[in-house]
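In: model this:
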Amino acid sequence: MIATRRAILAGVAASIATEASARGRTPTYAGVRAVLDGYVAAGKLAGACVAIQPRTGAPTFLSFGRVDPDPSAPAFNERSVARIYSMTKPVTGLAAMQLIDEGKLGLDQPIAEIFKEFAAPRVLVDDSTGATRPASGPILVRHLLTHTAGLGYSINRGTPLARRYTQAGLTPGSRTPPAPGEGAPPASLAEFATRLAAQPLASDPGAVWTYSVALDLLGAVIERVAGKPFEDVLRARIFAPLGMNDTAFFAGPGQAERMTSVLGVSPQGVQVVDPRGASPFLKPAAYPAGGAGLVSTAADYARFCAALLGRGEAFGKRILSRKAADLAVSNLLPPGVTAEERGNGFGAGLRVITPASAQEGEAPARSYGWGGAAGTTYWCDPTIGVGVVLMAQFYPSSAYPTAAQVRRAFYADRAG
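Out: I've put the predicted structure just below:
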């Protein structure tokens, strides 16, 4: 009887162990590999790297091709330095949430309390005459975090504010000399904020979601509130604690040899448009662009994902309270406003997938993330406790559906 009972218990234990092992199996990510192997084999990408970061523990890295089409170039791996452009925005958003967490900045604080030049914003009503009207209310920190401040972007081609911004030199993230008709860049973030305040708004603050220079302006706000250069704030508060040693506003000593090249994709074919050995990202820009200025690596950005998944804590370091970390990845949009075309939410510089915008097998509800102009992207899925970073270098990012394909392949690989 005792022997039988022991045998039954042993069988139950073995069954539990087998089930746990099956649940904990490590996917090979064959689907993700097939997607990116295909792009490299076809010559559409020189290389890429994917980091798969669990909430706790070590990431998995998948590496493909090289950092440049030259067959003698180094392999593209987790330490290859890439231009992440707008993936800078969530980093800036997190720095703002740290100041909010500490009571040094308010989520619904008017930015005119920090830059008085924004005390009386006006909305453009007639581009041909330059006529404006008073805005319905002030620009708040929340509006900067969520692209609802009524600001524009030089990259929003064909819009009145894009032309005005270009003429005024308000092109954050640009590192090339101004072309004829373009204004010289500001010499500092403070000057950027002052020049921007002189421009009209496209809409009332809080009224609509419009992709904009909001996170660049937020960088100036952070700098003034913290009383330190913006790049120093990010280094001390985020990069150093998380061990993101390769993330900065330019590729410095020890990084140049790991720099990537950017491929330009056009109807004429694929060619290098930003070579690794002569990239403008090898030296500082006129001012640090909080919306598009950082370089990073798959390994570094995976550590950023770990901090988001860990609700403000990773690798034994807490950089944000749980409450503030949860707020950062929640929908912070003003009531009645949705982001982009699918009804997404928006948090601290990042897209938040709502139940209304969720896509099965690609974009689960509560997941969040953002991408960059040169083919980089990331997302975190708190339901399964995993963050995924894709580092690739091609322009424009709309040239290939790489991000969507990797997302679908990732969830298919996990399901399989």
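
In: which residues sit in contact with residue 283?
Out: Neighbouring residues of residue 283 by Cβ atoms under 8 Å, 6 or more residues apart in numbering: residue 250. Backbone N, C-alpha and C define where each C-beta goes, glycine included.

In: Could you name the helices and strands sitting against the host helix or strand of residue 98?
Out: If you go by DSSP states H and E, residue 98 is part of helix 88-101. On a contact count with 3 or more Cβ pairs under 8 Å, 6 or more residues apart in numbering; DSSP states H and E, helix 88-101 meets helix 141-146, helix 214-226, helix 230-234, helix 298-309, helix 322-328, strand 368-371.

In: which one of these lies closest to residue 55?
Out: helix 298-309 (4.4 Å; Cβ to Cβ).

In: which of the residues in the closest one are buried?
Out: Buried residues in helix 298-309, counted by 16 or more other Cβ atoms under 10 Å: 298-309.

In: Can you lay out those residues as a markdown table showing distance to residue 262 and pLDDT?
Out: What follows is those, written out as a markdown table (distance: Cβ to Cβ, whole Å; pLDDT from 0 to 100):
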| residue | distance to residue 262 | pLDDT |
| --- | --- | --- |
| 298 | 16 | 98 |
| 299 | 20 | 98 |
| 300 | 18 | 98 |
| 301 | 17 | 99 |
| 302 | 21 | 98 |
| 303 | 24 | 98 |
| 304 | 22 | 98 |
| 305 | 23 | 98 |
| 306 | 27 | 98 |
| 307 | 27 | 98 |
| 308 | 26 | 98 |
| 309 | 29 | 98 |
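
In: What lies in contact with the helix or strand following the helix holding residue 98?
Out: Once the chain leaves helix 88-101, the next helix or strand it forms, by DSSP H and E, is strand 122-126. Applying Cβ under 8 Å, 6+ apart, the contact partners of strand 122-126 are 130-135, 150, 160-161, 200-204.

In: List the residues that contact residue 188.
Out: Contacts of residue 188 (Cβ under 8 Å, 6+ apart): residue 287.

In: so what pLDDT did it get?
Out: For residue 188, the model assigns a pLDDT of 97.

In: Could you do residue 96 as well?
Out: With respect to pLDDT, residue 96 scores 98.

In: Adding distance to residue 154, write the helices and strands packed on helix 88-101 out as a markdown table.
Out: Output for the helices and strands packed on helix 88-101, formatted as a markdown table (distance: least, Cβ to Cβ, whole Å):
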| stretch | distance to residue 154 |
| --- | --- |
| helix 141-146 | 17 |
| helix 214-226 | 11 |
| helix 230-234 | 20 |
| helix 298-309 | 25 |
| helix 322-328 | 27 |
| strand 368-371 | 18 |
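
In: Can you say which of these is nearest to residue 282?
Out: In terms of Cβ to Cβ, the element of the helices and strands packed on helix 88-101 nearest to residue 282 is helix 230-234, at 16.0 Å.

In: mind listing what's buried in the helix or strand just after the closest one?
Out: As assigned by DSSP H and E, the chain's next helix or strand after helix 230-234 is helix 240-242. Across helix 240-242, burial judged by 16+ other Cβ under 10 Å covers 241-242.

In: Tell me how many other residues surround the residue nearest to residue 105 when sequence neighbours are not counted.
Out: Once flanking residues are discounted, residue 105 sits nearest to residue 99: 4.0 Å by Cβ to Cβ, 6 or more residues apart in numbering. When neighbours are counted by other Cβ atoms under 10 Å, residue 99 registers 19.

In: Enumerate every residue touching residue 99.
Out: 105, 222, 225-226.

In: What of residue 372?
Out: 83-88, 292, 397.

In: go on, residue 189?
Out: 219-220, 223, 230, 287-288, 290.

In: which one among those residues gets closest to residue 119?
Out: Of those, the one sitting nearest to residue 119 (Cβ to Cβ) turns out to be residue 220, at 15.6 Å.

In: you'd agree the closest one is up against residue 194?
Out: No. Counting by Cβ atoms under 8 Å, residue 220 stays clear of residue 194, with 9.0 Å between them.

In: Quick check: neighbours shared by these two?
Out: Joint contacts of residue 220 and residue 194 (Cβ under 8 Å, 6+ apart) are residue 115.

In: the more surrounded of the two?
Out: residue 220 (26 against 15).

In: Could you measure from that one over to residue 191?
Out: According to Cβ to Cβ, to the nearest Å, residue 220 stands 9 Å off from residue 191.

In: Check residue 121 too.
Out: 19 Å.

In: So for these two, which sits in the more crowded spot?
Out: The neighbour count for residue 121 versus residue 191, taken as other Cβ under 10 Å, is higher for residue 121 (25 against 15).

In: Quick check: phi and psi at that one.
Out: Main-chain torsions, residue 121, degrees, to the nearest 10: phi -70, psi 150.

In: I'd like to know how many residues surround the closest residue to it other than its chain neighbours.
Out: Excluding the flanking residues, the one nearest residue 121 by Cβ to Cβ, 6+ apart is residue 135, at 4.2 Å. Residue 135 has 21 neighbouring residues, counting by other Cβ under 10 Å.

In: OK, contacts around residue 135?
Out: 121-123, 150, 201, 204-205.

In: and which of these is nearest residue 72?
Out: Using Cβ to Cβ, the contacts of residue 135 come closest to residue 72 at residue 150, 49.6 Å.

In: and the gap between the residue nearest in space to the middle of the chain and residue 378?
Out: Per Cα atoms, centre = their mean, the C-alpha nearest to the average position across the chain is that of residue 87, at 2.1 Å. Applying Cβ to Cβ, the value for residue 87 to residue 378 is 6 Å.

In: again with residue 182
Out: Counting by Cβ to Cβ - residue 182 and residue 378 are separated by 31 Å.

In: These two: who's more crowded?
Out: More crowded of residue 182 and residue 378, by other Cβ under 10 Å: residue 378, with 28 against 18.

In: Surely that one is in a helix?
Out: No. Secondary structure of residue 378 (DSSP: H, G, I helix; E, B strand; the rest coil): strand, not part of a helix.

In: That one touches residue 386, doesn't it?
Out: No. Between residue 378 and residue 386 there is no contact under Cβ under 8 Å: 11.2 Å.

In: and stretch 117-125, which residues are buried?
Out: Buried residues in stretch 117-125, counted by 16+ other Cβ under 10 Å: 118, 121, 123-124.

In: re earlier: and residue 281, which of the helices and strands packed on helix 88-101 is closest to it?
Out: Using Cβ to Cβ, the nearest of the helices and strands packed on helix 88-101 to residue 281 is helix 230-234, at 14.0 Å.
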